[in-house]
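> give me a model of this one.
(one chain, ligands or ions: 1)
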Amino acid sequence: MAARQRLICASSLLVEGGDGLRFDVPGFERPQPAFAVRHGGVAHAYLNRCAHVPVELDWIHGKFFDLTGAYLICAVHGAHYEPHSGRCTMGPCKGRSLVKLVVDERDGAVYLQLEHDGSARLASALRQHQK
Ligand code: FES
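Residues are numbered from 1 along each chain as shown. Below you'll find the predicted structure:
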């Protein structure tokens, strides 16, 4: 059976190291904010929730990368995350991770992979956020 999925955006909207695209994901008590970015030529998506304090990373919508374009950064206290893994490498939540979502890019579009119950498929567990 083919996996369920939902269109996030056209591939052309995700520019390497550029602004991220914000969207909501289903499958929690209420839709959760999330974002997609492109890094290393690959589309990545995460819940828009810092691993330090559960707030959105981007004070200016879509600005997820630091000035170098090498790391995702939280605007609140400056946690730096690897764009490909979501792991925090610098800041108050070093060693913890963003919640990574499973996406698929094909035919010029980026799709969010869903579980059979319609919830977002997670590539990483929420337990880091439950400590
Ligand atoms: S809330 Fe993100 S680094 Fe503190």
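
> so which bits of this protein are right by the ligand?
Selection of the chain residues close to the ligand by CB under 6 Å from any ligand atom yields C50, H52, V53, V55, C74, V76, H77, A79, G91, P92. C-betas here are computed from N, CA, C, even on glycine.

> now the two most distant members of those residues.
Farthest pair in the residues of the chain next to the ligand (CB to CB) is V55 and G91. Separation: 13.3 Å.

> follow-up on the earlier one: emit the PyMOL select command for whichever of the residues of the chain next to the ligand are buried.
Those of those that count as buried under 16 or more other CB atoms under 10 Å are selected in PyMOL with:
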select buried, resi 50+52+74+79+91
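
> now the residues of the chain next to the ligand as a markdown table including pLDDT, secondary structure and distance to F28?
Output for the residues of the chain next to the ligand, formatted as a markdown table (pLDDT from 0 to 100; DSSP: H, G, I helix; E, B strand; the rest coil; distance: CB to CB, whole Å):
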| residue | pLDDT | secondary structure | distance to F28 |
| --- | --- | --- | --- |
| C50 | 98 | coil | 17 |
| H52 | 98 | coil | 20 |
| V53 | 98 | coil | 18 |
| V55 | 97 | coil | 16 |
| C74 | 98 | coil | 20 |
| V76 | 98 | coil | 22 |
| H77 | 98 | coil | 24 |
| A79 | 98 | coil | 22 |
| G91 | 98 | coil | 25 |
| P92 | 98 | coil | 24 |
